[in-house]
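S.K.: Provide a 3D model corresponding to the input given below.
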Amino acid sequence: MEKDYSFLLKEPITKEDALTLHPMALAFIGDAVQSLYTRTRVTVGKTSKTGILHQEVIKVVSATSQSEEAEKILPLFDETEQDIFRRARNCKVQTSAKHAEMSEYRRASGLEAVFGYLYLIGNTERLNHFLSLCYDNKKQ
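M.R.: Purely as a prediction, here's the structure:
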């Protein structure tokens, strides 16, 4: 059985309430969720220095990497998740990642928004599945 590196929100919000949040707010939460998940996975059971751990994390949690993973797992999204992804991807943004194209940054934001949504509604099983796919694809 796969280890569960996700964490629970004490009081998840309803799907309806989550869908009223701005897509970039969902992405803001999703970025933190993926970062914590990945940092936990690269740290537990290792004795590496933090600089090495950080390099492992950015292999997974960077706009370029997230964009690549979004393309791979997008077909696995249900209709609601696809809609959240599209809404976040299509948001007008004032900033972008340093080392990514704008299109990559937008797809990464879409992926993060889906992660944020799943976290906020308490669907940790599905969230953990997607996070582990992203992590495992980059660790191969």
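S.K.: for the worst-scoring helix or strand of the chain on mean pLDDT, packing partners?
M.R.: Lowest mean confidence among the helices and strands of the chain (mean pLDDT, DSSP states H and E): helix 50-60, at a mean of 84. Judged by 3 or more C-beta pairs under 8 Å, 6 or more residues apart in numbering; DSSP states H and E, the packing partners of helix 50-60 are helix 23-43, helix 124-139. C-beta: built from backbone N, CA, C; applies to glycine.
S.K.: Which helix or which strand is home to the residue nearest in space to the middle of the chain?
M.R.: Closest to where the C-alpha atoms of the chain average out (C-alpha atoms, centre = their mean) is Glu112, at 3.9 Å. Using DSSP states H and E, Glu112 sits in helix 102-120.
S.K.: For this protein, give me the ranges with low pLDDT.
M.R.: Scanning the chain for pLDDT under 70 picks out 1-6, 93-98, 138-140.
S.K.: how near is Pro23 to Leu133?
M.R.: For Pro23, the distance to Leu133 equals 22 Å [C-beta to C-beta, to the nearest Å].
S.K.: need the helices and strands packed on helix 50-60 in TSV with distance to Leu53 and mean neighbour count, can you?
M.R.: Converted to TSV, the helices and strands packed on helix 50-60 look like this (distance: least, C-beta to C-beta, whole Å; neighbours: other C-beta atoms under 10 Å):
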stretch	distance to Leu53	mean neighbour count
helix 23-43	5	20
helix 124-139	13	17
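S.K.: May I see those helices organised as TSV, with distance to Arg107 added?
M.R.: Formatted as TSV, those follow (distance: least, C-beta to C-beta, whole Å):
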stretch	distance to Arg107
helix 23-43	11
helix 124-139	13
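S.K.: Now do stretch 66-83: everything it contacts.
M.R.: Counting contacts by C-beta atoms under 8 Å, 6 or more residues apart in numbering, the residues outside stretch 66-83 that touch it are 15, 19, 34, 85, 100, 103-105, 107-108, 110-112, 114, 117-118, 130, 133-134, 137-138.
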